[in-house]
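Novice: just to be clear, the model below is a prediction. Sequence and coordinates:
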Amino acid sequence: MEKDAKIFVAGHRGMVGSAIVRELKKRGYENIVTRTHAELDLLRQQAVEDFFREERPDYVFLGAARVGGIGANSNYPADFMYENMMIAMNVIHSAFENKVKKLEFLGSSCIYPRMAPQPIKESDLLTSALEQTNEAYALAKISGLKYCAYLKRQFGADFISVMPTNLYGPGDNYTPERSHVLPALIRRFHEAKVSGAERVVCWGDGSPLREFLYVDDLAELCVFLMENYDEEETVNAGTGEEITIKELAGKVARIVGYEGIIEWDTSKPNGTPRKLLDVSKAAGLGWRYHTGLEEGIKLAYEDFCENFVKISEK
């Protein structure tokens with residue numbers, strides 16, 4: 001990317017988008033275009049087409065999405081599928097029609113089969129059934145990924161995709177309906193500490209294994225790929241390390257300072273039993289994560305206290 005190129009970051013207010021903006025500025029890219037949802041509704045095809053025709057961005061990072069945890073995905077599958085599918089198709093198609101030099105689509109590791117071999121390789125996509133609790137979201141993300149790949153295959157468009165593991169960090173969503181497991185645990189243990197609650201109840205039995213990547217590390221990879229990668233196959237983004245949800249809960253409780261009892265509600269779903277990404281492709285390109293889980297949770301909790309708790313108290 002040229003330093004003076006016009007770069008559109010879709011979803012700049014979200015955790016991923018804001019991290020990409022920070023990384024771009026850190027690397028000297030200043031001509032960054034952003035739009036709030038009020039300014040540009042990515043669900044409206046005509047509005048997206050008008051935006052691209054008027055702004056003519058050179059590069060696009062597509063990080064906008066409707067996201068949520070197991071509960072939200074299970075309760076609102078139609079919403080998750082429609083909104084994420086429309087965002088992906090509208091932005092990718094308009095970028096192609098307006099001759100964007102390069103687009104990067106950000107997906108999620110939930111695109112991979114529920115029982116995929118571990119660690120999961122990029123080539124494991126669509127080899128067996130998806131996890132039912134987030135199937136709608138996964139199908140929308142798979143469609144975006146495949147549309148980029150097909151545009152490259154049919155027309156030579158330089159459209160790539162990256163599939164991150166579970167993300168966390170500054171700007172995360174801590175609302176109960178939309179938060180993922182790590183931010184949900186941060187909020188739950190913080191509120192339990194403040195209220196003096198004797199116990200905290202968590203979903204499932206704590207046995208699933210999960211991998212977590214600090215969002216600023218992902219942003220570094222995203223910009224790196226825009227500068228150095230042009231293949232059709234997606235690239236996994238993760239740490240290559242995993243932890244059980246039970247161990248994670250204990251770690252978050254300790255960092256937050258909660259000393260009560262942690263109980264597990266086994267009537268609630270666990271989700272996919274194990275989900276560890278094979279990150280050898282990213283490593284082969286010269287990228288590796290920097291932020292360890294302990295350090296990352298501390299940074300995320302500081303952000304939660306500074307930007308969520310203080311704002312909520314106003």
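Specialist: Arrived safely, thanks for sending.
Novice: rest of the way, CA atoms for contacts and neighbours
Specialist: OK.
Novice: in the stretch 151-300 of the chain, where is pLDDT below threshold?
Specialist: 177 (pLDDT under 70).
Novice: how about the strands in it?
Specialist: All strands of the stretch 151-300 of the chain, identified by DSSP state E, counting those that start in this stretch, fall at 159-164, 166-168, 199-203, 209-210, 212-214, 235-237, 243-244, 261-265, 274-275.
Novice: for Leu248, grab the count of nearby residues.
Specialist: 21 (other C-alpha atoms under 10 Å).
Novice: how many other residues sit next to the residue lying closest to it once chain neighbours are set aside?
Specialist: Among residues not flanking Leu248 along the chain, Leu182 sits closest, at 7.9 Å (C-alpha to C-alpha, 6 or more residues apart in numbering). Neighbours of Leu182 under the rule other C-alpha under 10 Å: 23.
Novice: hmm, Leu182 is touching Gly169, no?
Specialist: No: using C-alpha atoms under 8 Å, Leu182 is not in contact with Gly169, being 9.5 Å away.
Novice: now do the helices in the protein.
Specialist: Ranges of helices in the chain, per DSSP state H, are 15-26, 45-55, 70-75, 77-97, 135-155, 181-195, 215-228, 245-256, 280-284, 293-303, 310-313.
Novice: got those as CSV, with distance to Ala237 columns?
Specialist: Output for the helices of the chain, formatted as CSV (distance: least, C-alpha to C-alpha, whole Å):
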stretch, distance to Ala237
helix 15-26, 13
helix 45-55, 28
helix 70-75, 21
helix 77-97, 19
helix 135-155, 14
helix 181-195, 17
helix 215-228, 7
helix 245-256, 20
helix 280-284, 7
helix 293-303, 15
helix 310-313, 31
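Novice: out of those helices, the one nearest Glu39 is which?
Specialist: helix 45-55 (9.5 Å; C-alpha to C-alpha).
Novice: list the buried ones in the closest one?
Specialist: Judged by neighbour count (16 or more other C-alpha atoms under 10 Å), helix 45-55 contains these buried residues: 45, 48-49, 51-52.
Novice: gap between that helix and the chain center?
Specialist: From the chain centre to the centre of helix 45-55 is a distance of 25 Å (C-alpha atoms, centre = their mean, to the nearest Å).
Novice: next one: stretch 245-252
Specialist: With C-alpha atoms, centre = their mean, you get 21 Å for stretch 245-252.
Novice: just to revisit the earlier point, I'd like the distance between the residue nearest to Leu248 and Lys246.
Specialist: Distance from Leu182 to Lys246, counting by C-alpha to C-alpha, to the nearest Å: 11 Å.
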